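*Asks:* turn this into a model:
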Amino acid sequence: MINNNVSITSEEFVQEFKDLRDELVRSYFTIDSDTSRIDLLEKSGMNNEQINLTEKIVSEALTDALYTVLLGLEGGASIGQHQIMYKLFDEQSNELTGNIESIAWEKFHSENT
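*Replies:* From the prediction side, this is the model:
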């Protein structure tokens with residue numbers, strides 16, 4: 001849903017990425033989700049231990065990908081072939097870039113993620 005004239009902080013912006021990761025992992029690995037992959041994994045012969053390991057790998061892969069995109073927005077990592085510093089603004093022209101890297105590290109790599 002597009003909500004014009006929204007203002008968010010850098011921390012809220014990064015939290016949206018972390019929430020996206022958490023929701024994707026939850027939906028892929030919850031049996032009654034519309035996007036569940038449990039049935040596919042079971043049909044491939046995976047047992048619960050293997051499925052749990054796959055869930056951990058998917059979570060880590062999404063963490064790496066989303067964290068890299070966030071760092072890439074500030075020029076701290078390349079997105080594809082280019083490493084460019086971008087400036088990101090909310091709809092009220094408040095700049096979100098500038099401290100995304102430290103917030104992303106805390107959100108994605110702290111002990112309680």
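
*Asks:* per-residue pLDDT, the residue with the largest distance to the centre of the chain?
*Replies:* Distance to the chain centre peaks in the chain at residue 45, reaching 28.6 Å (criterion: C-alpha atoms, centre = their mean). pLDDT for residue 45: 97.

*Asks:* ok, now which ones touch residue 86?
*Replies:* 72-75, 97 (C-beta atoms under 8 Å, 6 or more residues apart in numbering). (Each C-beta comes from the backbone N, C-alpha and C, glycine too.)

*Asks:* mind checking which of those are buried?
*Replies:* 72-74, 97 (16 or more other C-beta atoms under 10 Å).

*Asks:* now those residues in JSON lines, with distance to residue 18 and pLDDT?
*Replies:* Listed next are those as JSON lines, based on distance: C-beta to C-beta, whole Å; pLDDT from 0 to 100:
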{"residue": "72", "distance to residue 18": "16", "pLDDT": "96"}
{"residue": "73", "distance to residue 18": "15", "pLDDT": "95"}
{"residue": "74", "distance to residue 18": "17", "pLDDT": "93"}
{"residue": "97", "distance to residue 18": "17", "pLDDT": "93"}
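
*Asks:* next step: the residues you listed restricted to helices.
*Replies:* 72-73 (DSSP state H).

*Asks:* dump the buried ones among the contacts of residue 86 to JSON lines, plus distance to residue 38.
*Replies:* Shown next, in JSON lines, are these (distance: C-beta to C-beta, whole Å):
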{"residue": "72", "distance to residue 38": "32"}
{"residue": "73", "distance to residue 38": "33"}
{"residue": "74", "distance to residue 38": "37"}
{"residue": "97", "distance to residue 38": "38"}
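
*Asks:* quick revisit: can you confirm the residue farthest from the centre of the chain is in a strand?
*Replies:* No: counting by DSSP: H, G, I helix; E, B strand; the rest coil, residue 45 falls outside a strand, being coil.

*Asks:* hang on, the earlier thing: got the contacts of residue 86 as a markdown table, with distance to residue 49 columns?
*Replies:* As requested, those are exported to a markdown table (distance: C-beta to C-beta, whole Å):
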| residue | distance to residue 49 |
| --- | --- |
| 72 | 35 |
| 73 | 37 |
| 74 | 39 |
| 75 | 41 |
| 97 | 41 |
